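[1] kindly return the folded structure for what I paste below:
(one chain, ligands or ions: 1)
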Amino acid sequence: MLSVKNLKFQYDSSTKFEIPDIHLDAGEELLIIGKSGSGKTTVLNILGGLLKPQQGEVKLGDTILSSLTGAKLDKFRGKNIGIVFQKPHILSPLTVVENLKLANFFVGEKGAQNLDLLKELGIFDKRKSKVTTLSEGEAQRVSIARALANHPKLILADEPTASLDDENAAIVVKLLQDQAKKFNAALIIVTHDQRVKDHISKHIIMGGLV
Ligand SMILES: Nc1ncnc2c1ncn2[C@@H]1O[C@H](COP(=O)(O)OP(=O)(O)OP(=O)(O)O)[C@@H](O)[C@H]1O
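    Below is the predicted model of the structure:
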């Protein structure tokens, strides 16, 4: 389902990354673990089609991401890849539901299951609230809901547990796992947080700059 081969990426001559090959089936989970600055966010952006590698390919289903550009890439990404960013990427002037609807709108989905999703993530009661009025934890769950709103085949989460205590870290990982299972999506969590290893056994380690 997801196949990542021979990836090489560099921002400039002093920041080069070699990225391990990845093969994940639908419904599988993977942890990419590495210390700060090792390139975890860079990898996540490549897997999510937000950065193009200088070498190698990321293939999701039958589609090689780097073969798409512009609006086609945006649409493919919006439909098939859900990214939970390290800092919630949600639009603050909008309500919770409007944020999900916007994600649906970009790919021509109706979002029939948005309210169910908000219930499962425990933020249904906040559906009409502007996101500026939410707590950090609630905003993070909206960010997860938004990433899942189009039932992506691949879910990517960047440091989803970084600022959470043990109990809430476990809850957020379980939310991501449950949602991934429900839609038979592949889940990749990128983190420096060793605690996540207790929940996801398959992992690769980012070695940092080469
Ligand atoms: N746009 C950029 N241009 C040049 N260098 C960059 C750029 N973005 C990141 N880097 C550098 O690439 C390296 C890896 O950054 P990245 O954010 O991928 O690491 P990370 O493992 O996610 O770190 P953290 O855990 O601290 O978020 C760092 O040395 C960073 O300074």
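
[2] for the residue positioned nearest the centre of the chain, give me phi and psi.
    Centroid check for the chain by Cα atoms, centre = their mean gives residue 156 as the closest residue, at 2.2 Å. Dihedral angles of residue 156 (phi, psi; degrees, to the nearest 10) stand at phi -120, psi 130.

[3] could you check how far it is from the ligand?
    Summarising the geometry, the distance separating residue 156 from the ligand, computed by Cβ to the nearest ligand atom, to the nearest Å, is 12 Å. Using the backbone N, CA and C atoms, a C-beta is placed for each residue, glycine as well.

[4] so that residue touches residue 50, yeah?
    No: with contact defined as Cβ atoms under 8 Å, residue 156 does not count as touching residue 50 (9.8 Å).

[5] okay, and the common contacts of these two?
    With contacts defined as Cβ atoms under 8 Å, 6 or more residues apart in numbering, the residues adjacent to both residue 156 and residue 50 are residue 83.

[6] which element is the closest residue to residue 124 other than its chain neighbours on?
    The shortest distance from residue 124 to any non-neighbouring residue, by Cβ to Cβ, 6 or more residues apart in numbering, is to residue 118 (4.4 Å). Counting by DSSP states H and E, the secondary-structure element that holds residue 118 is helix 114-120.

[7] ok, residues contacting that helix?
    With Cβ under 8 Å, 6+ apart, helix 114-120 has contacts from 96-97, 100-101, 104, 124, 126-127, 145, 148-149, 175, 178-179.

[8] return the helix or strand in this protein with minimum mean pLDDT.
    Of the helices and strands making up the chain, the lowest-confidence element is strand 15-19, at a mean of 84, by mean pLDDT, DSSP states H and E.

[9] what's the following helix or strand after that strand?
    Later in the chain than strand 15-19, the nearest helix or strand by DSSP H and E is strand 22-24.

[10] give me the distance from that next one to the chain's centre.
    Between the mean C-alpha location of strand 22-24 and the chain-wide mean there is a distance of 15 Å, by Cα atoms, centre = their mean, to the nearest Å.

[11] so which elements touch it?
    Applying 3 or more Cβ pairs under 8 Å, 6 or more residues apart in numbering; DSSP states H and E, we find strand 22-24 packed against strand 2-12, strand 186-191.

[12] partner strands of the helix or strand following the shortest one, with direction?
    Downstream of strand 186-191, the first helix or strand assigned by DSSP H and E is strand 203-205. In the sheet containing strand 203-205, its partner strands are strand 29-33 (parallel), by DSSP bridges.

[13] is the strand it pairs with anywhere near the ligand?
    No: using Cβ under 6 Å from any ligand atom, strand 29-33 stays clear of the ligand, coming no nearer than 9.2 Å.

[14] what angle sits between that strand and strand 186-191?
    What separates the directions of strand 29-33 and strand 186-191 is an angle of 20 degrees, with axes from the mean of the first three to the mean of the last three Cα atoms, to 10 degrees.

[15] and after strand 29-33, which helix or strand comes next?
    Towards the C-terminus, the helix or strand next in line after strand 29-33, according to DSSP H and E, is helix 40-47.
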